[in-house]
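Peer 1: the following block contains a protein sequence and its predicted model.
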Amino acid sequence: MFAFCADPKSLEGASWMVCYLTSGKHLMFYQSFFVVIGLMIVTVPCALAMGFAGALAARSHFAPLRWIGKGYAALVRGVPDIAFFLFVPLALDQGLEYLRQKVNCPDWDQPIRQGNDFVVCPAAKLPLSSSPQWVHETYAIILAVIAFAFVFGAFASYVLTGAMNAVPKAQLETAEAYGMSRRQTTWRILIPQMWVYALPGLSNLWMVLIKATPLLFILGVEDIVYWARELGGTKTSAYAYPHGDWRLWYFLGLLVFYLLLTKVSDVLLTRLSRRLAHGQATVAGEELRRA
């Protein structure tokens with residue numbers, strides 16, 4: 001990155017450390033922090049959308065829809081998260097490739113399942129083997145977002161269902177007495193008031209999501225944990241580093257990063273909770289009224 005880094009043999013002390021920390025590998029390491037934060041920012045609205053749909057389905061009067069909503073939350077809550085983090089991307093990837101196989105290679109006469117291998121024609125691969133590296137990385141991140149949204153959407157569904165049930169029924173009955181339809185009561189009375197009850201549970205889900213981001217490593221995404229292990233070790237499968245085992249320092253940096261991220265999140269969520277509680281008939285709302 002710097003001109004004096006061109007001759008590695010002349011580097012020592014602070015100049016060596018500066019060149020080491022600004023190498024191409026370390027720039028990718030720094031970029032992976034933004035990948036993790038970006039994934040969380042994208043995952044949250046997707047998980048909330050799935051959770052909101054699941055919560056409304058669980059409260060539906062249509063029995064099959066209600067069974068789907070309750071079954072979705074119960075299924076994900078009853079199975080270890082890592083199983084879904086591994087299953088959802090694999091099932092989605094193979095399902096898309098199977099559909100592309102039927103469209104792009106209708107004359108393919110070989111079995112798709114060959115022992116433990118899933119074999120499709122080259123035109124059905126997703127992404128194509130000739131695609132640039134950024135396409136493969138983006139595809140892996142998209143699958144990771146879907147897996148995270150599927151898992152945390154179920155937990156969000158459970159939280160939102162409980163929040164909807166916590167809204168005083170007297171207010172819903174009053175709205176119906178004034179002539180509001182069930183749909184109007186849901187969107188104008190129930191949903192605006194449920195957030196104050198849902199925020200504590202959703203805040204916990206956000207913290208759990210932060211702690212779950214290292215699972216990106218097992219999904220094939222080169223995240224901060226991957227680069228910390230890669231750069232902190234004495235060598236990789238390709239070459240050796242000119243330093244000892246520095247993994248302790250790299251993982252200590254990750255510890256500081258996650259602690260700062262959770263602290264900032266806690267401050268922002270506390271302020272949001274106080275704002276939502278203002279004027280509400282809750283303990284927090286009563287405390288704000290007296291203050």
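Peer 2: Structure received. Numbers count the residues shown, from 1 in each chain.

Peer 1: please make it C-alpha for all contacts and neighbour counts, starting now.
Peer 2: Will do.

Peer 1: hmm, residue 140 is touching residue 217, no?
Peer 2: No - under the criterion of CA atoms under 8 Å, residue 140 makes no contact with residue 217, lying 10.8 Å away.

Peer 1: which residues are contacting stretch 209-218?
Peer 2: 36, 40, 82, 85-86, 144, 152, 222-226, 258, 262 (CA atoms under 8 Å, 6 or more residues apart in numbering).

Peer 1: and of those, the nearest to residue 60?
Peer 2: Within the contacts of stretch 209-218, proximity to residue 60 (CA to CA) peaks at residue 152, which comes in at 21.1 Å.

Peer 1: that closest one: which element?
Peer 2: helix 133-166 (DSSP states H and E).

Peer 1: which of the residues in that helix are buried?
Peer 2: Using 16 or more other CA atoms under 10 Å as the test for burial, helix 133-166 gives 136, 139-164.

Peer 1: ok, then the element right after that helix?
Peer 2: helix 169-177.

Peer 1: what's that next one packed up against?
Peer 2: helix 182-185 (3 or more CA pairs under 8 Å, 6 or more residues apart in numbering; DSSP states H and E).

Peer 1: what helices and strands are in contact with the helix it packs on?
Peer 2: By 3+ CA pairs under 8 Å, 6+ apart, helix 182-185 packs against helix 169-177.

Peer 1: mean confidence score for the helix it packs on?
Peer 2: Taken as a whole, helix 169-177 has an average pLDDT of 84.

Peer 1: return that helix as PDB; C-alpha atoms alone will do.
Peer 2: Extracted C-alpha coordinates of helix 169-177, given in PDB (Å, rounded to 0.1, in the frame of the first residue of the first chain):
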ATOM      1  CA  LYS A 169     -58.300  -7.000  24.800                       C
ATOM      2  CA  ALA A 170     -60.500  -4.200  26.000                       C
ATOM      3  CA  GLN A 171     -59.000  -1.900  23.400                       C
ATOM      4  CA  LEU A 172     -59.700  -4.300  20.600                       C
ATOM      5  CA  GLU A 173     -63.200  -4.800  21.800                       C
ATOM      6  CA  THR A 174     -63.700  -1.000  22.000                       C
ATOM      7  CA  ALA A 175     -62.500  -0.700  18.400                       C
ATOM      8  CA  GLU A 176     -64.900  -3.300  17.300                       C
ATOM      9  CA  ALA A 177     -67.700  -1.600  19.200                       C
END
